[in-house]
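S.K.: build me a model from this:
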Amino acid sequence: MRAQDVPLRALADKAARRTGLRAEVVGGAVVLSPPPCGKHFGAAARVRRQLEKHVLDTFTVAEVSSVRALDGSDDYATPDLMVLPMAWEESDEWLADPDTVELVVEVVSQSNHSKDTTQMPAWYAAARIPLFLLVDPRDGTWVLRARPDGAGREAAYSEVVRGRFGEVVPLPEPLGFELATELPVYGEVSGTASRRGPCPGRPGAACPWLGSLLRGLRGEGWWVAGSFWLLVAGGVVDWGSPACDGARAHVRSVAGDGVAVAGCCRVVAWVRLLALLVSRRWHCGGSSAGRS
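M.R.: Modelled structure (predicted):
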């Protein structure tokens, strides 16, 4: 039998068994996800504990259970968390019906973030999932989507609420409570971002404290680039460190290559001007100090 004749769900199951990775069928393609890191699991666990405290009288909170697509295709998704009726705990099925699911929660992974942020909003909207909460530990943000509209590739959520970690998520009825988001951020230690020197972390990971600065300046392209280059010029960031690749890529993605170059030129000019002013001030101060 040719590979294209094998049902996608069977291919996904085979791939999962061979690799040990989590498999889904999204948009007619098998998607494999590596095991989550501790902070990914921690973010999901903190959200789950809150959900369980509020919904256990009526619903259950399922972890890594799967929900099928609404269109009858082989597609299915396995979110980090799902809120659905208590009857799911007694079911022999492995795929939940989408019309029974009240909420799905996805925690953005470090390695497969494009699926979570780009593909899944439209997929869950097409499945008519009422609420989709996306938690992003990369930059400490969350997005709550509600009221799915449209069908197929045209499906989308008509209501979108965005916030940052520390701000509550207002879950509407039938849940009807607020969800706290004191959640971990990738790369940060105990919620802080104060380390100096070469960017810490694995190669390609953005420096966490630098990421906090860039997030605060998002939308101001040359400020993002300028801030980064100022830190390089001041010796705070080691430009040659492989671990800073992610930070440089973040600058380019937010500011653009042209703006990043312009930011570099601006900072060089600023540093030279500052050095000139400081040297003159020091000279004048020294002369004044020598007078009686």
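
S.K.: so who does A44 touch?
M.R.: Taking Cβ atoms under 8 Å, 6 or more residues apart in numbering as the criterion, A44 is in contact with P36, E63, D80, L81, V105, V107, V135. For the C-beta atoms, the positions are set from N, CA and C on the backbone; glycine is no exception.

S.K.: 6 Å instead?
M.R.: Counting by Cβ atoms under 6 Å, 6 or more residues apart in numbering, A44 touches D80, L81, V107.

S.K.: relative to C37, how far out is the closest residue to T117 other than its chain neighbours?
M.R.: Closest residue to T117 apart from its sequence neighbours, by Cβ to Cβ, 6 or more residues apart in numbering: V108 at 6.3 Å. Computed with Cβ to Cβ, to the nearest Å, the distance linking V108 and C37 is 12 Å.

S.K.: can you show me the strands along this structure?
M.R.: 22-26, 29-33, 59-63, 66-68, 76-77, 81-85, 95-96, 103-107, 131-136, 141-149, 156-164, 169-171, 177-179 (DSSP state E).

S.K.: now render the ones you listed as TSV, adding mean pLDDT.
M.R.: Compiled in TSV, the strands of the chain are given as follows (pLDDT from 0 to 100):
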stretch	mean pLDDT
strand 22-26	62
strand 29-33	61
strand 59-63	95
strand 66-68	91
strand 76-77	85
strand 81-85	96
strand 95-96	92
strand 103-107	96
strand 131-136	97
strand 141-149	96
strand 156-164	96
strand 169-171	97
strand 177-179	96
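
S.K.: same list, the ones you listed, but as JSON lines with distance to F41 and mean neighbour count please.
M.R.: As requested, these are exported to JSON lines (distance: least, Cβ to Cβ, whole Å; neighbours: other Cβ atoms under 10 Å):
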{"stretch": "strand 22-26", "distance to F41": "13", "mean neighbour count": "21"}
{"stretch": "strand 29-33", "distance to F41": "13", "mean neighbour count": "16"}
{"stretch": "strand 59-63", "distance to F41": "10", "mean neighbour count": "20"}
{"stretch": "strand 66-68", "distance to F41": "18", "mean neighbour count": "22"}
{"stretch": "strand 76-77", "distance to F41": "18", "mean neighbour count": "23"}
{"stretch": "strand 81-85", "distance to F41": "11", "mean neighbour count": "23"}
{"stretch": "strand 95-96", "distance to F41": "21", "mean neighbour count": "17"}
{"stretch": "strand 103-107", "distance to F41": "8", "mean neighbour count": "25"}
{"stretch": "strand 131-136", "distance to F41": "12", "mean neighbour count": "24"}
{"stretch": "strand 141-149", "distance to F41": "17", "mean neighbour count": "19"}
{"stretch": "strand 156-164", "distance to F41": "21", "mean neighbour count": "14"}
{"stretch": "strand 169-171", "distance to F41": "19", "mean neighbour count": "19"}
{"stretch": "strand 177-179", "distance to F41": "18", "mean neighbour count": "16"}
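
S.K.: closest to G187 out of the ones you listed?
M.R.: strand 131-136 (12.9 Å; Cβ to Cβ).

S.K.: partners of the closest one, with directions?
M.R.: strand 103-107 (parallel), strand 141-149 (antiparallel) (DSSP bridges).

S.K.: which outside residues touch the shortest one?
M.R.: Yep, that's strand 103-107 we're talking about. 40, 43-44, 47, 79-83, 116, 120, 124, 129, 131-135.

S.K.: repeat that with 7 Å
M.R.: Outside strand 103-107, the residues within contact range by Cβ atoms under 7 Å, 6 or more residues apart in numbering are 40, 43-44, 47, 79-83, 116, 120, 124, 129, 131-135, 137, 175.

S.K.: could you do stretch 149-164 as well?
M.R.: 121-122, 125-126, 132, 140-148, 169-170.
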